Structures are given as C-alpha cells and as structure tokens.
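**Q** 3D model of this:
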Amino acid sequence: MTDLRTLSLWHDTAGEDWTPREPLPGDREADVAIVGAGFTGLWTAFYLARADPSLRIVVLEREVAGFGASGRNGGWCSALFPASVGWLARRYGERAAIAQHREMQATVDEVGAVTAAEGIDCSWTKGGTVVAARTPVQLHRARAEVATARRWGFGEDDLQLLDAARARERLNATNVLGATYTPHCAAVQPARLVRGLARAVVRHGVVLHESTPVTRIDPGAVTTTRGRVRADVVVRATEGYTPQLPGLRRQVAPVYSLMIASEPLPDDIVARIGLSARETFADHRRLVIYGQRTADGRLAFGGRGAPYHWASRLRPEHEREPDTFAALRAVLVELFPGLHDVAVTHTWGGPLGVARDWCASVGLDRATGLAWAGGYVGDGVATANLAGRTLADLILDRSTRLTGLPWVGHRLPRWEPEPLRWLGVTTALRAMTSADEVEQRTGRPARRADLVERLSGRGGSA
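**A** Take a look at the predicted model:
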C-alpha cells in the first residue's frame, strides 16, 4: 500500500494515522448513501447528521477520507465561485447572482466557525487574498475587476485596489505595480481540515467506510466491490474522479493542478516576503497560480498548466510532471528571488473537476433520489461546505435561502467526446500560457485568450 504521507506536504505534516477505516462489510440499508469522503461528501453528512440524528447516513470512500483533492489543494478557503456575477446574472437574474456570491463570502466564516466548534486544528487563518499586478496589462485587469465589483454592489470591504506601496506591504514580490485585496479568504491546512471533519461526522453518528470502491450509482442503490447499499437518497460527491463512474465520463473534465512547497523559511526571508497575516497570494496572469505561507513557515505554491490526459484518464504518474514542477519553482523564484537557494521539499498534484460551462452545480432529482455537487474548477474548499449545507436542506425538503441560489439544479452541459475534449482543453491551456508570454513581452493584452474563454463557456469577470 502507498504511504499516504507521500501524497503531498499536507498529508506528510498532518500528523495523521492514515490507516483506512473498516470497509463496507456487505449489503446494507441506509436513508442516505454518500459516495466520496472529500469535503463535499463529509460536509453533506455533517449537516444532515446535525439536523436529524435519526438518519442512517453511510459514506463510501474508495481510498481514505482526504485522499483526493480535499487533502491536496492549495489551502484557500475562499469566497471564489467559478462563474462570475455577470455570467450568473445573464442566466438567473441580478439578485440571484449577487446572492450566490454573498453566500460564498459568508461560507468562509461558516467553515471557521465549525472548525472552532468541532475542535478541528487546521491552522485556519483569515488573512484574505492579495493578487498582485506585475505588468501594466495585469494592472489594467486588476482595475477592471474592481470596477466590475463596484457595478454589482461589492464595496471596499469586499475588494480593494491597492497601489504599489500598499500592495508591497502585503506581498513584497518583484515588479509589483499594484494589487487587488479581498478579506474573504482563510488559509488552511486542508488535510487536517478534511481529516478532522471525518472524525466529526463519525462522532455525530455517520457510518464511514473506507477502502470501498464504488463501481456504479443507480437510483436507490450504490454498488461497490464489497456489497450494495440501498438508500432513498444517493449523493454523488466525487468531483474530479466522477468520469471514472459509468455514464459520467463527460460530466466534468479532470484537469491536474500541481504544487510545490519550500522548506521552512528563515526569519529574514519571511520578513522580506510579507504575508504577515498569512494572506493567500497570486498575480493577475491568465494561467492561474496560487500560494500561501503555511503555519510552519513554508511557501506552498501551485498552478494550472499540467497536461490534460486523453479520455479523462487519471493515473498516479500524472500527478508527477517534472517539467511543471520546474516551471512552478522558476515562477516562485521570479516572484521572490531570495528563494533561489531555498530547498523544495515536497512536490505533488491531483485532479480537479472542470465544468463545461465553468459553473459549479448542486442538486437533487426527487424523482430518482439522485443528488450531486461539483464542478468547482479548483475553488472547492469553501464551495463544498456551501454544497453540503444546500444538499442537507434539499434532502430534508426544506425551503431555505440556500435552496433558492442559482446553482441549485443547474445542469452541467456535457463535455464533447474525444478527440474534441482533448483538443479543447489542451488548446485552452496553451492559449493561456501563450497569452501570458505575449503580454509579458509586448505589454499589450492578448486577444486570443479572450476568444478561447468565450468559446469555452467560461464565466468571465463581467
């Protein structure tokens, strides 16, 4: 068996016993069966059990709780939602769109409140997010983002435009011309969060079976290699692993995001870099990068750009792309030249679920009893909590402000079959990389990337 401490920095430093819980012992009955013991599945179980302790809730996990993206992500518990206010407003109306994003902001604090109440030590620190503008094009993009936020009624308490001096006070990277800053994000140790949540749901009476691969989901039943669970409601909480289930290969595209982590940094380097409030950080390039200063003084840093693999294949070797790791280190040293001689101690990655229209979704089909949540496009730490609370309300047939949000019942369009899927995702990734290079070299916006975003159905900033 693989030593799970090798999966990521977070797994290695979680201080956990990764021995799997008992697998499903055979056929059984339940009121709610949940497939997947990541954030979505565990938050759903948590809020259901807390609302109705009499429910028989069974969570089924192929590996162990926190094996996948929930234990390997960048540790941003943020208010980011993959579809913009403008995108949602065009489809569901302005009030609903704003409500979706306001609820995401409140969710950051909800996660913090639960971790405190349940005694989950995950280094939750709400320092916000600073996104640097390091070229004139990026500065223009930052100004446009703030102007758009103001048009939708989001004020200085939600998103600020920082001048160069104020930006460098928070993030002293190279070539900083300005930045945007939002307080709506907390840095977390995600493996500790998901493992603590797993213990919390078990304390609340949920049955969690690990080492139990699910082979099929049907109305009223989940089939595993160890037996069947019959349930009135079946929740699919499998995110980037969804294409491995029968009939769902085109539901989301599993795209890999990779990370590196430094050794604990000397105090003088920490002082020069900034991030004194443990702000999460990025810049305004098109191909996403993301980082945080960890509670033990490292920089954990990641980015998109790893290749998409034909037919949505998921393999352990895809999590280890030496060229991508080298590129991430180069970007990190470009941002902070003082890290040139600092050792990288951990490299890792994993798949995230990309919705075809770039909009996450949650819902329950009452006719079949099948429920789902996902398509977070890498913004799942907080979004999964909102999904869990929303699914609990839907399953309990409660009409609440959450069940009226626009993502509820939103049906994800299916991705194209191969080879179109591979061509589309690969072209988009290459276009983003090329656009950043063009903008860095010429100082002008790259129009090709704007076209790719429109064709892909991405929710833009407007």
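**Q** contacting residues for the nearest residue to residue 15 once chain neighbours are set aside?
**A** What sits nearest to residue 15 in space, not counting adjacent residues and going by C-beta to C-beta, 6 or more residues apart in numbering, is residue 192, at 7.7 Å. Yep, even glycine has a C-beta here, placed from its N, CA and C like the rest. When contacts are counted by C-beta atoms under 8 Å, 6 or more residues apart in numbering, residue 192 is found next to 10, 14, 15, 16, 120, 121, 122, 123.
**Q** if you set the cut-off to 7 Å instead, what comes out?
**A** 14, 121, 122 (C-beta atoms under 7 Å, 6 or more residues apart in numbering).
**Q** All the helices of the stretch 351-462 of the chain, in order from the start?
**A** With DSSP state H, counting those that start in this stretch, the ranges of helices along the stretch 351-462 of the chain come out as 380-395, 420-442, 447-456.
**Q** can you check the stretch 151-300 of the chain too?
**A** 164-170, 190-203, 267-273.
**Q** would you list every one of the strands in the stretch 251-400 of the chain?
**A** For the stretch 251-400 of the chain, the strands defined by DSSP state E, counting those that start in this stretch occupy 253-262, 280-283, 289-293, 299-303, 344-354, 361-365, 370-374.
**Q** Now those in a markdown table, please, with extra columns for mean neighbour count, distance to residue 144 and mean pLDDT.
**A** Shown next, in a markdown table, are the strands of the stretch 251-400 of the chain (neighbours: other C-beta atoms under 10 Å; distance: least, C-beta to C-beta, whole Å; pLDDT from 0 to 100):
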| stretch | mean neighbour count | distance to residue 144 | mean pLDDT |
| --- | --- | --- | --- |
| strand 253-262 | 24 | 25 | 95 |
| strand 280-283 | 25 | 15 | 97 |
| strand 289-293 | 25 | 19 | 97 |
| strand 299-303 | 25 | 22 | 96 |
| strand 344-354 | 22 | 24 | 95 |
| strand 361-365 | 21 | 27 | 98 |
| strand 370-374 | 25 | 29 | 98 |
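**Q** These: which one's closest to residue 159?
**A** strand 280-283 (13.8 Å; C-beta to C-beta).
**Q** about what we covered before: restricted to strands, list the contacts of residue 192.
**A** With DSSP state E as the criterion, strands contain none of these.
**Q** Nearest to residue 114 among these?
**A** Checking the contacts of residue 192 against residue 114 by C-beta to C-beta gives residue 122 as the nearest, at 10.5 Å.
**Q** That closest one - how many residues pack around it?
**A** By other C-beta atoms under 10 Å, the residues close to residue 122 number 25.
**Q** Next: residue 45.
**A** Neighbour count of residue 45, defined by other C-beta under 10 Å: 32.
**Q** and if you look at residue 341?
**A** Look at residue 341: counted by other C-beta under 10 Å, it has 6 neighbours.
**Q** let's number from 38 now, not from 1
**A** Got it, the first residue is 38 from now on, which makes the last one we talked about residue 378.
**Q** Kindly state the pLDDT recorded for it?
**A** You'll see residue 378 listed with a pLDDT of 95.
**Q** From residue 210, how far off is it?
**A** Applying C-beta to C-beta, to the nearest Å, the value for residue 378 to residue 210 is 18 Å.
**Q** Same check on residue 312?
**A** Distance, residue 312 to residue 210, using C-beta to C-beta: 10 Å.
**Q** swap in residue 248?
**A** On the measure of C-beta to C-beta, residue 248 and residue 210 end up 43 Å apart.
**Q** quick one, which of these two is more surrounded?
**A** Higher neighbour count among residue 248 and residue 210: residue 210, with 22 against 18, using other C-beta under 10 Å.
**Q** Alright, I will stop here.
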